[in-house]
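Chemist: following is a predicted model, sequence given first.
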Amino acid sequence: MIFANLDKLPPDPILGVTAAFRADPSPDKIDLGVGVYRDVDGNTPVPAGVSEAERALLAEQTTKTYVGPSGNPEFNERIVELALGPLAAGLRARTATIQTVGGCGALRIGAELIHASRPHATVHVSDPTWANHEPLLGTSGLKLERYPYYDPATRGVAFDRMIDHFRALPSGSIVLLHACCHNPTGADLDAVQWKAVTDVCADRGLVPFVDLAYQGFGDDLESDVFGLRMLAARVPQLLLALSCSKNFGLYRERTGALAIIAENGTVAAAVATHQARTARRMYSMPPDHGAAIVARLLGTAGLRHMWEAELATMVGRMKSLRALLASHLAARRPDVDFSWVTRHRGMFSLTGIDAAAIGVLRSTHHVYVPPDGRINLAGVSDSNVDRVADSIVAVLG
């Protein structure tokens, strides 16, 4: 029997939390695990601008034929323009972009291309990083190492140790950077720190691999790409993984892109051929629906303005939830500094809760968080914030 020797694998550390939450019969259960945005009713909505773009697209669509391994050309152009802004035009000749199966597909194709070009390369990822970064990159055959990033004592970036680590790396080392809304910590680099990172990448010849999964989810569409744009303007080569899951609400459409800025147009043209061949060998063609929606929205002024306003509302809600939870925690434990909850950006923060406490949260309080203690603030609401705060304080000790 061909599969008889396969053992059952343990559940995914994040998706397993969702499965356990669904199986819990308690009416008071709270899910702070899965990384999706939720509105005041606990739903993950489709932005109205996205729905309008989809309706217009379907009304005009006359074929479902293949779009090709590189995907939707209009989407590729517009999503890179959204990320790079005014820099996009000047870098166009040096940029090779391929539509991918979500941001995960962008990360994996980027890793495959690095491995094809430099099979002994090492990718340095933050400690900690998103749970799927290392499997996506490492199973391509690349070597992975971690660089210091998070300081549990301050709940902020351990920047001195991070930058010292970068300064000691050999030229050509690849560093994976979260553009904004660091997952899982919520602790982002500030403008001064981004400048220092850009300087060391340029001076040491480091290659940034930037994961942009949350543009517009931290502060706004422009502020969230400050560091990315600074890097793109200075370094000769850069990989950029883009995701449309969070900001466009297109989670299940698996819409993303990989843009590679090369040292010149000749190299970029060669990279484009390898992007297409890698995709062809992995999954042949990307799904077009989500990409076509994004292309339509970004290319239609009225829809884009509608979407930008909705995105700003989502960001405002996330910040208000952070303030809400911080105030409730501080009221219960005035001796503990919870200001880090409001300093962090995006949906996530690390609580510092250990494995035993996480078990108590689940078994006693019916509050579900991943094994690393990361919480999704979008799971907090006016109706459950008291229970969330009570539960967290109860296991803090």
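Modeler: Thanks, I have it. Numbers count the residues shown, from 1 in each chain.

Chemist: could you use CA atoms for every contact and neighbour count after this?
Modeler: Will do.

Chemist: secondary structure class for His165?
Modeler: Here His165 takes the helix state, with states given by DSSP: H, G, I helix; E, B strand; the rest coil.

Chemist: do the one 5 residues further on as well
Modeler: Classification of Pro170 by three-state DSSP places it in coil.

Chemist: check what pLDDT it gets.
Modeler: For Pro170, the model assigns a pLDDT of 96.

Chemist: in space, what's closest to it - neighbours in sequence excluded?
Modeler: Arg204 (7.3 Å; Cα to Cα, 6 or more residues apart in numbering).

Chemist: surely the one you found is in contact with His165?
Modeler: No: look at Arg204 against His165 with Cα atoms under 8 Å: they stay out of range, at 11.7 Å.

Chemist: and these two? Which one has more around it.
Modeler: Neighbour totals were compared for Arg204 and His165, and Arg204 leads with 17 against 14 (other Cα atoms under 10 Å).

Chemist: relative to Gly218, how far out is the more buried one?
Modeler: Relative to Gly218, Arg204 is positioned 29 Å away (Cα to Cα, to the nearest Å).

Chemist: with Leu176 instead?
Modeler: To Gly218, Leu176 is 19 Å away according to Cα to Cα.

Chemist: ok, now Pro170?
Modeler: 32 Å.

Chemist: higher neighbour count, these two?
Modeler: Per other Cα under 10 Å, whichever of Pro170 and Gly218 has more neighbours is Gly218, with 25 against 11.

Chemist: quick one: contacts for that one?
Modeler: 180-181, 224, 315, 345-346 (Cα atoms under 8 Å, 6 or more residues apart in numbering).

Chemist: would you reformat the residues you listed as TSV and include distance to Leu240, pLDDT and neighbour count?
Modeler: Below are the contacts of Gly218 laid out as TSV (distance: Cα to Cα, whole Å; pLDDT from 0 to 100; neighbours: other Cα atoms under 10 Å):
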residue	distance to Leu240	pLDDT	neighbour count
Cys180	13	98	29
Cys181	16	98	26
Asp224	14	98	22
Val315	23	97	21
Arg345	20	97	25
Gly346	19	97	28
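
Chemist: in helices, which of the residues you listed fall?
Modeler: By the criterion of DSSP state H, membership of the contacts of Gly218 in helices covers Val315.

Chemist: in this protein, what helix or strand scores lowest on average pLDDT?
Modeler: helix 15-23 (a mean of 87; mean pLDDT, DSSP states H and E).

Chemist: ok now it, how far from the chain's centre?
Modeler: 21 Å (Cα atoms, centre = their mean, to the nearest Å).

Chemist: which elements pack onto whichever helix or strand comes after that helix?
Modeler: Next helix or strand after helix 15-23 toward the C-terminus (DSSP states H and E): strand 30-31. The contact analysis (3 or more Cα pairs under 8 Å, 6 or more residues apart in numbering; DSSP states H and E) places strand 30-31 against helix 15-23, strand 367-368.

Chemist: can you lay out these as TSV showing mean neighbour count?
Modeler: As requested, these are arranged in TSV below (neighbours: other Cα atoms under 10 Å):
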stretch	mean neighbour count
helix 15-23	15
strand 367-368	23
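
Chemist: and the most centrally placed residue in the chain, how far is that from Ser173?
Modeler: The chain has Ala213 as the residue nearest its centroid, 3.1 Å off, counting by Cα atoms, centre = their mean. The spacing between Ala213 and Ser173, counted by Cα to Cα, is 22 Å.

Chemist: what of Ile358?
Modeler: 36 Å.

Chemist: who's more crowded, the two?
Modeler: Ile358 (21 against 17).

Chemist: give me the element the more buried one is part of.
Modeler: Element membership for Ile358 (DSSP H and E) is helix 355-365.

Chemist: quick one: residues in contact with that helix.
Modeler: By Cα under 8 Å, 6+ apart, helix 355-365 touches 29, 367-369, 371-373, 391-392, 395-396.

Chemist: what of stretch 233-244?
Modeler: 79, 87, 102-103, 106-107, 110, 198, 201-202, 205, 207-214, 232, 250-251, 254-263.
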